[in-house]
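Q: Take this sequence and fold it.
(chains A and B)
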Amino acid sequence: MASRHDTESGKPVIPVGILYSVSGEYGVIGREMLNGIMMSIEQINANNEFDFTLAPIVRDPGGVLDHYHEHCHELLYRHGVKHIVGCYTSASRKVILPLIEGANALLWHSARYEGFESSNNVIYLGAAPNQHVLPMLAWLLREHPGDIYHVGSNYVWSWEIDRITAEALAATGHRLEASRLVNLGDTDVDAIIQDIAERRPKVVLVTLVGQSAYRFYHAWREAAERDPYLASDTVIKLSLTLCEAEVSLVGKEALEGYLVSSAWFQSVRNEANTRFLDQYRARFGDHSSPSVDSVAAWTAGQFLARAIHRCGGQQVEAVRAAAWRDELESPAGRVRIDPDNNHAWLTPRLARCHDGRLEVFWEGDEPIKPDPWLTWVDLDALGPGAS
Amino acid sequence: MSRPRIRVRGLRLLVIACDGRDARHLEQQFRRLGVEGRFYDDLPDEQSCEDADMVLFDGDSPVLSHPDRELTWPALPLIVLTGVEAPSRLQWIIRQAPSAYLRKPVRFDGVMTALTLARAAADQRQGLEARIERLEERLRIRRFLFSAQLLLMKTFDLGEDDAYALLRSLAMNQQKTVEHFSLDLLARPEGYLRLAKDLIG
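A: All right, here's what the predicted structure looks like:
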């Protein structure tokens, strides 16, 4: 199974590469994901049911694409890892994918993304658009049909949500009344808020990320002191990116009332989640605030260990097949990996930000089959009356 | 039919918004192929494009692909580097009208194919555009052909087919297309009608 043995337990040791950026532009999220996978590995190593231990080899690419490539190469060829948990942006995943495929390794990818990819060498634990973008749009078109003002970051995630939203709206006779995309890291958002104040849209969809998003929330709050429309709760503010760690970072006042779509929130009620939250706070402190990304990274570790345990080795084909046959009672509910496309079945949820908490107010009846290519979804049929 | 010669040596490429490993791999492969690559962070000014043969750009670049930005490409074959297959990205790429593509990350194969196909596709497109232009012009002046035909029918009491045959003979004598000759005939009918009368005998 593995050449090295743990000196304390005597169990064989399996090296696992961890490739999250805990520094750089999206370091806050990277830290959440690192926490999730490290806690998962610690729990696996302390669990006598597993007859091996996982040895994490942690690398921080700092959000630099070339560093992802260098570290991934090192993990694969110097440390001989067959499994890597990591990446957050699609750009970083695309950079290391040829390396992963060339070495026939397996990347355990925890972040939600825009879809339109299915590699045999990746297990995708994050939500595909049909699991969190479409459920939010369907809810919105049902409850608050109308035009939408979109403000996002100028990268593929926002572009794709812009397209999906425009196509779904067109079928209902509504439209995107504006799409304002700011360059990544750009914090000059005052003109956009001014434009929103003048147009007074019924719904504002925010897909900004990082510093641009944080500045937008603050700038809105500042402008709301002078503008009753911005201060009112008649405008529906939607986010597809907000997570609990960011609520703590930005401050609850600026985020009051935001509606967020995600496969997990701290407020999800189930036993596994209560246990997860207790363990997370015990491990990282009462002030810590796990996000959907922490949970997905934790889940990746669990699926990996259970699959190795089931198939008796770390060989990629066997681990992947074992993962397909598994089902986990996770903090996000029942999760399994779809053998058609290696993405996770996830339950969609919507939450409202109130007093600094993301409180779930709607959730799907059961996990949704991932459809990363949006092959089986008809965007025209999202509106009211659709089956 | 002769086979086109496949050689890319001497090509001058503008390489735009490609960075890191992709740019380094392109540079290395260009050296091997005898291709001159000039690297820019953004679309260069017109002067820099003057003596270039082709453009290669990163289709995922946030510098190039801001939705508020309409790019004015030089009239050269375009090759796009693509990584993301999301439809929104593909819609943007379609708007740029590339002649070939190369997948990211750039590897040591595929560059030769992309350069060759881009040039061939651009040549084919150029040929088709020139042909369309010629046909459109003929279509534009087609109505004059009908007027000229009618003039001959009335003047010489001819049927439709005979009038057209006469018009074609006159055009051939003048070494012009029927459409272009029709224009001349309508502009200066007297002289040409005399010629026509001689032809009819």
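
Q: what about the helices in the stretch 1-150 of chain A?
A: Using DSSP state H, counting those that start in this stretch, the helices of the stretch 1-150 of chain A run over A:27-45, A:65-77, A:90-102, A:129-143.

Q: Adding mean pLDDT, write the ones you listed out as a markdown table.
A: As requested, the helices of the stretch 1-150 of chain A are exported to a markdown table (pLDDT from 0 to 100):
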| stretch | mean pLDDT |
| --- | --- |
| helix A:27-45 | 95 |
| helix A:65-77 | 97 |
| helix A:90-102 | 94 |
| helix A:129-143 | 95 |
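
Q: and the ones you listed as TSV, adding mean neighbour count?
A: Using the backbone N, CA and C atoms, a C-beta is placed for each residue, glycine as well. Formatted as TSV, those follow (neighbours: other Cβ atoms under 10 Å in any protein chain shown):
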stretch	mean neighbour count
helix A:27-45	23
helix A:65-77	19
helix A:90-102	21
helix A:129-143	21
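
Q: Ok, which of these comes nearest A:V209?
A: Taking Cβ to Cβ, helix A:27-45 is the member of the helices of the stretch 1-150 of chain A nearest to A:V209, at 8.9 Å.

Q: what residues are up against B:I16?
A: The neighbours of B:I16, taking Cβ atoms under 8 Å, 6 or more residues apart in numbering or on different chains as the test, are B:F39, B:Y40, B:D41, B:D42, B:L43, B:P44, B:V55, B:L56, B:F57, B:D58, B:S61, B:L64.

Q: Among those residues, name the ones in strands.
A: B:F39, B:Y40, B:V55, B:L56, B:F57, B:D58 (DSSP state E).

Q: In terms of distance to chain A, which of those ranks first?
A: B:D58 (10.9 Å; Cβ to the nearest Cβ).

Q: Need the pLDDT of B:R21.
A: Listed pLDDT for B:R21 reads 88.

Q: Who are the contact partners of it?
A: Going by Cβ under 8 Å, 6+ apart, B:R21 touches A:L65, A:D66, A:H69, A:V95, B:P105, B:V106.

Q: Reformat these as TSV; add distance to A:Y214.
A: Converted to TSV, these look like this (distance: Cβ to Cβ, whole Å):
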residue	distance to A:Y214
A:L65	23
A:D66	27
A:H69	29
A:V95	26
B:P105	31
B:V106	35
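
Q: Show the buried residues in the contacts of B:I16.
A: B:L43, B:V55, B:L56, B:F57, B:D58, B:S61, B:L64 (16 or more other Cβ atoms under 10 Å in any protein chain shown).

Q: before we move on, the earlier item: now the helices of the stretch 1-150 of chain A in JSON lines, with distance to chain B?
A: As requested, the helices of the stretch 1-150 of chain A are arranged in JSON lines below (distance: least, Cβ to the nearest Cβ, whole Å):
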{"stretch": "helix A:27-45", "distance to chain B": "19"}
{"stretch": "helix A:65-77", "distance to chain B": "5"}
{"stretch": "helix A:90-102", "distance to chain B": "5"}
{"stretch": "helix A:129-143", "distance to chain B": "9"}
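
Q: With distance to A:S288 as new columns, can these be given to me in a markdown table?
A: A markdown table is the format used below for the helices of the stretch 1-150 of chain A (distance: least, Cβ to Cβ, whole Å):
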| stretch | distance to A:S288 |
| --- | --- |
| helix A:27-45 | 7 |
| helix A:65-77 | 26 |
| helix A:90-102 | 25 |
| helix A:129-143 | 24 |
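
Q: next one: stretch A:188-195 to chain centre, how far?
A: Its chain's C-alpha centre and that of stretch A:188-195 lie 27 Å apart, by Cα atoms, centre = their mean, to the nearest Å.

Q: Give me the domain ranges for the chain.
A: Chain wasn't specified; assuming chain A. With automatic domain parsing as the criterion, the domains of chain A are listed as A:4-127+A:269-345, A:130-262+A:348-381.

Q: actually it's chain B I care about, not the one you picked
A: Domain ranges of chain B: B:12-132, B:142-200, per automatic domain parsing.

Q: circling back: B:S169: which of the contacts of B:I16 is nearest?
A: For these, the closest approach to B:S169 (Cβ to Cβ) belongs to B:V55, at 49.2 Å.

Q: For the closest one, give me its contacts.
A: Neighbour list for B:V55: B:L13, B:L14, B:V15, B:I16, B:C49, B:W73, B:P74, B:L76, B:P77, B:L78, B:I79 [criterion: Cβ under 8 Å, 6+ apart].

Q: Look up how far B:G37 lies from the nearest residue to the last one once chain neighbours are set aside.
A: Closest residue to B:I79 in three dimensions, ignoring its sequence neighbours and counting by Cβ to Cβ, 6 or more residues apart in numbering or on different chains: B:L56, at 4.4 Å. Between B:L56 and B:G37 the distance is 8 Å, computed by Cβ to Cβ, to the nearest Å.

Q: residues shared between the contacts of these two?
A: The contact lists of B:L56 and B:G37 share B:L13, B:V15, B:L26, where a contact means Cβ under 8 Å, 6+ apart.

Q: Please, a ChimeraX command that selects the buried ones among the residues you listed?
A: Applying 16+ other Cβ under 10 Å to the shared contacts of B:L56 and B:G37 leaves a buried subset, and the ChimeraX line that selects it is:
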select /B:13,15,26
